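Chemist: Turn this into a structure:
(4 chains)
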There are 2 protein chains.
Amino acid sequence: MPHRPFHHGNLRAALLERAEAVLRERGLDALSLRELAREAGVSHGAPRSHFPDRGALLDALAERGFLRLDEEIRQAAGRAASRAAARAATGDAQDDHARTLHAAASAYLGFAVREPALLDLMFATKTDEPPEPVRAAAGRLFGTMSGLMDAGVAAGAYPASDVGRLTLLLSATVQGVSALVTSRRIPADQGEALLGDGIALLLSGAAAGR
Amino acid sequence: MPHRPFHHGNLRAALLERAEAVLRERGLDALSLRELAREAGVSHGAPRSHFPDRGALLDALAERGFLRLDEEIRQAAGRAASRAAARAATGDAQDDHARTLHAAASAYLGFAVREPALLDLMFATKTDEPPEPVRAAAGRLFGTMSGLMDAGVAAGAYPASDVGRLTLLLSATVQGVSALVTSRRIPADQGEALLGDGIALLLSGAAAGR
DNA sequence: CCCGAGACTAGGCAGTGTCTAGAAAGTAGT
DNA sequence: ACTACTTTCTAGACACTGCCTAGTCTCGGG
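Modeler: Coordinates of the predicted model:
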């Protein structure tokens, strides 16, 4: 039998993948470099070649988390947009916009429910600035949100000058609702309803304030 | 010299106080039962009499955090209310209400900036339900928020039937803005401004939606 | 072909949380 | 004041962790 090669060949990816599973199933405290190494069938020092320390692993996880969340939100928003297109010209642009935002927010909440520990990690307080790759991935997510909100200007929901603040506000609200749900303060379906309320309020308030 | 008594006399309180300081200055990872014991001048097993395990210490910290945050918000709201009273009858009730909400939200954000790691702990994802005392303390905070929002009904800002949802939404937004700030996504003063926008939008939206 | 760089092994260190047995101090009840 | 009981704390041990170091293997480019 061809005994295991010296080089794992793909350790970094294997570690990250397994780490995500552990995070999901047993939480951050249960995440140990040594255990990951054992499960990957390498010695306890091997991960060091890919991550200088445990923090680097966590940073990489956070980065991947942001990228995945961004992707899921993009797809959810995309699906909502094509549904709107399918409804053809009968629909009202502002209504479609609200639906798209809700789809995006919903995707965020869904991610939070599926990966609560990961989300915690992504938004955990760092004593110092988060490392550049994490920052970039988080920025990408914010960029996506920004893009979605830009569409509201075209739909006439609010002036372009408000987009920046409204985007931040939406992000904060979605983030807050998710925190409420993942910390077991309110059930998931109530969180979903809250998102609807929040978006409705955001849009009607923005229109009224204009 | 009266050599240290066998009984510390007040170990539990000493541990909690010191733990809060460590959390504030060096973060959750730096929080070690053994180190706390050393600093308190007791053996490494002593804390076990007061906290069955590390998790219990963290739960106690979270509980105290909720109680303190609740207290600070109460006081801030109280000060805002008495300022409103001092302005006498010249003021508009809705305006006063907005100011009170902003004062409360501001206190929350201030707490988040001063105690980011503690806030993380309070809202950290638990695999299982948070223990009863923590739940109760969190409920107390939510009760305070609810009370503040109730005042809006009297001021005619929104119907009583909306208070529940609006309270949750405000809580989520404030929590989300704080998360944005403590995770270094936006600076503190921008967070402050966001709170103002959020409250204004909440109130104008609630009025428009009525 | 070799040789340098990166991936990995293996051992050791300090530190941790948790568990145990038992000593010391406080608290009653008589 | 003596005794029994409970709580608080000590002291030692165990398994585990992250991190460090020295050395070994493997691969790819000169």
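Chemist: any weak-confidence spans in chain A?
Modeler: Chain A contains residues with pLDDT under 70 at A:1-7, A:89-90, A:209-210.
Chemist: tell me, what residue is most central in it?
Modeler: residue A:69 (3.1 Å; CA atoms, centre = their mean).
Chemist: Now that one. Nearest residue, chain neighbours left out?
Modeler: Leaving aside its sequence neighbours, residue A:69 sits nearest to residue A:111 (CB to CB, 6 or more residues apart in numbering or on different chains; 5.1 Å). C-beta coordinates here come from the backbone N, C-alpha and C atoms, glycine included.
Chemist: Quick check: that neighbour vs residue B:84, distance?
Modeler: Distance, residue A:111 to residue B:84, using CB to CB, to the nearest Å: 41 Å.
Chemist: how about the helix or strand containing the residue nearest to the centre of chain A, does it reach DNA strand C?
Modeler: Taking DSSP states H and E as the definition, residue A:69 sits inside helix A:54-86. No: Helix A:54-86 lies out of reach of DNA strand C by CB under 7 Å from any atom of the strand, never closer than 12.9 Å.
Chemist: That helix: which residues count as buried?
Modeler: Within helix A:54-86, the residues that count as buried by 16 or more other CB atoms under 10 Å in any protein chain shown are A:57-70, A:72-74, A:76-77, A:80-81, A:84.
Chemist: Alpha carbons only: can I get stretch A:58-66 in PDB?
Modeler: Provided in PDB are the C-alpha atoms of stretch A:58-66 (Å, rounded to 0.1, in the frame of the first residue of the first chain):
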ATOM      1  CA  LEU A  58      -8.400  32.600  12.700                       C
ATOM      2  CA  ASP A  59      -7.700  35.500  10.500                       C
ATOM      3  CA  ALA A  60      -7.700  33.300   7.500                       C
ATOM      4  CA  LEU A  61     -11.000  31.900   8.600                       C
ATOM      5  CA  ALA A  62     -12.500  35.300   9.100                       C
ATOM      6  CA  GLU A  63     -11.300  36.300   5.600                       C
ATOM      7  CA  ARG A  64     -12.900  33.300   4.000                       C
ATOM      8  CA  GLY A  65     -16.000  33.900   6.000                       C
ATOM      9  CA  PHE A  66     -16.300  37.400   4.600                       C
END
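Chemist: outside of it, which residues touch it?
Modeler: Contacts to stretch A:58-66, defined as CB atoms under 8 Å, 6 or more residues apart in numbering or on different chains, come from residues A:16, A:19-20, A:23, A:31, A:51, A:115, A:118-119, A:121-122, A:124, A:130-131, A:133-134, A:136-138, A:140-141.
Chemist: List buried residues within the residues you listed.
Modeler: Neighbour-count burial (16+ other CB under 10 Å) applied to these gives A:16, A:19-20, A:23, A:31, A:51, A:115, A:118-119, A:121-122, A:124, A:130, A:134, A:137-138, A:140-141.
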